[in-house]
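In: coords below, sequence missing:
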């Protein structure tokens, strides 16, 4: 399991599958779905092919690089900002898109409740759950990558908007500091 959530845990499982030569016994022994991993590998090859066709250099990232997971988390946040949720003081999450009270799904690998998360699925059973979750430890990414969506002028009143105001202030201070150094 990866400490920052389910998406990176799935990525680690894919890396382990590839490192073990796409071995079906490895999948069986580690409770991994071979067909899902084969499908993920197929999608990866298709994306590489499209990049090459469009003239982009497809170079593999160094998994040992200190920025490897951070870059991936930032891409996840940038692609899934519409599915963000904020931890309220009452202990539940509130989705940003439609103000639904939700709880982390029991299958998540997260063992803490980060203040901000992005999620893949909204699951309705006897409770509202969000599943396949990644922690957003740098909430500044939300306002930097989707400033129009996380605008405090249009965001609904509540704890999330109050937190966004503080985040915007940090981002503006950082910009001002960078500007004064030039």
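Out: Thanks, I have it. All figures in this text were calculated on a predicted structure; none of them were measured in a lab. Numbers count the residues shown, from 1 in each chain.

In: Low-confidence stretches in this structure?
Out: 182 (pLDDT under 70).

In: And the strands in it?
Out: 84-87, 93-95, 101-104, 116-124, 128-135 (DSSP state E).

In: Partner strands of the second one and their direction?
Out: Okay, so that is strand 93-95. As defined by DSSP bridges, the strand partners of strand 93-95 come to strand 84-87 (antiparallel), strand 101-104 (antiparallel).

In: most packed of the ones you listed?
Out: Greatest average neighbour count among these goes to strand 84-87 (a mean of 23), per mean count of other Cβ atoms under 10 Å. Quick note: C-beta positions are derived from backbone N, CA and C, even for glycine.

In: Can you pull out the residues in contact with that one?
Out: For strand 84-87, contacts defined as Cβ atoms under 8 Å, 6 or more residues apart in numbering pick out 77, 93-97, 102, 113-119, 130, 136, 142, 159-160, 163.

In: any idea how far that strand is from the chain center?
Out: 12 Å (Cα atoms, centre = their mean, to the nearest Å).

In: Then stretch 46-58?
Out: 24 Å.

In: do the same with stretch 105-117
Out: 12 Å.

In: how long is that stretch from one end to the other?
Out: 12 Å (Cα to Cα, to the nearest Å).

In: Make 54 the starting number, not 1.
Out: Got it, the first residue is 54 from now on, which makes the last one we talked about stretch 158-170.

In: related to what we said a few turns ago, closest to residue 227 out of the strands paired with strand 146-148?
Out: Residue 227 sits nearest to strand 137-140 of all the strands paired with strand 146-148, at 20.6 Å, using Cβ to Cβ.

In: what are the bridge partners for the closest residue to residue 181 other than its chain neighbours, then?
Out: Of all residues not flanking residue 181 in the chain, residue 155 sits nearest, at 4.4 Å (Cβ to Cβ, 6 or more residues apart in numbering). Assessed by DSSP bridges, residue 155 has beta-bridge partners residue 146.
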